[in-house]
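S.K.: model this:
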Amino acid sequence: MKIIVGYDGSGAAGDALALAVKYAKAFNAGVDVVTSLVQGTEDEIQDISGAEKGLEHAKNYFEKEKIQCTTHLLIRGMAPGEDLVSFARENKADLIIIGVKRRSKVGKLVFGSTAQYVILQAPCPVVSVK
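M.R.: Below is the predicted model of the structure:
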């Protein structure tokens with residue numbers, strides 16, 4: 001079984017890591033932790049550095065639980081939801097686990113929702129955590 005966790009360093013993403021541990025142990029599975037950035041130009045070096053630190057934190061979290069973990073920093077010019085769905089398709093994911101940030105209905109209408117996109121477009125089941 002291939003489990004993918006969308007990770008952005010938020011509290012909800014941390015909850016997604018915790019749930020992924022339970023699923024990985026239950027199904028004796030490894031986990032791919034994915035962070036997506038839209039761009040990787042020099043202006044975003046701080047974002048890239050922060051994302052790399054977040055992925056390192058996630059990898060250590062799974063290693064402490066004795067779960068095989070691979071991290072991926074995607075900078076492919078796509079919105080995070082689109083990038084995560086594409087990654088899931090490319091890697092034949094069996095399950096995606098994502099954190100859902102609480103946002104007002106107006107905020108979702110204006111900004112869209114990464115989780116909403118993933119839930120509607122993913123090629124496999126999606127578990128969301130708030």
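S.K.: hey, what's residue 37 bridged with?
M.R.: residue 75 (DSSP bridges).
S.K.: in terms of contact, does it touch residue 46 like I think?
M.R.: No. Residue 37 is beyond contact range of residue 46, at 11.0 Å (criterion: Cβ atoms under 8 Å). All C-beta spots, glycine's among them, are computed from the backbone N, C-alpha and C.
S.K.: Please say which of the two ends up with more neighbours.
M.R.: Higher neighbour count among residue 37 and residue 46: residue 37, with 19 against 8, using other Cβ atoms under 10 Å.
S.K.: Show me what the lengthiest helix in the chain is packed up against.
M.R.: In the chain, assigned by DSSP state H, the helix with the most residues is helix 45-64. Using 3 or more Cβ pairs under 8 Å, 6 or more residues apart in numbering; DSSP states H and E, the elements in contact with helix 45-64 are helix 11-27, strand 30-37, strand 69-75.
S.K.: Now those in CSV, please, with extra columns for distance to residue 120 and mean pLDDT.
M.R.: As requested, these are exported to CSV (distance: least, Cβ to Cβ, whole Å; pLDDT from 0 to 100):
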stretch, distance to residue 120, mean pLDDT
helix 11-27, 18, 95
strand 30-37, 17, 95
strand 69-75, 20, 95
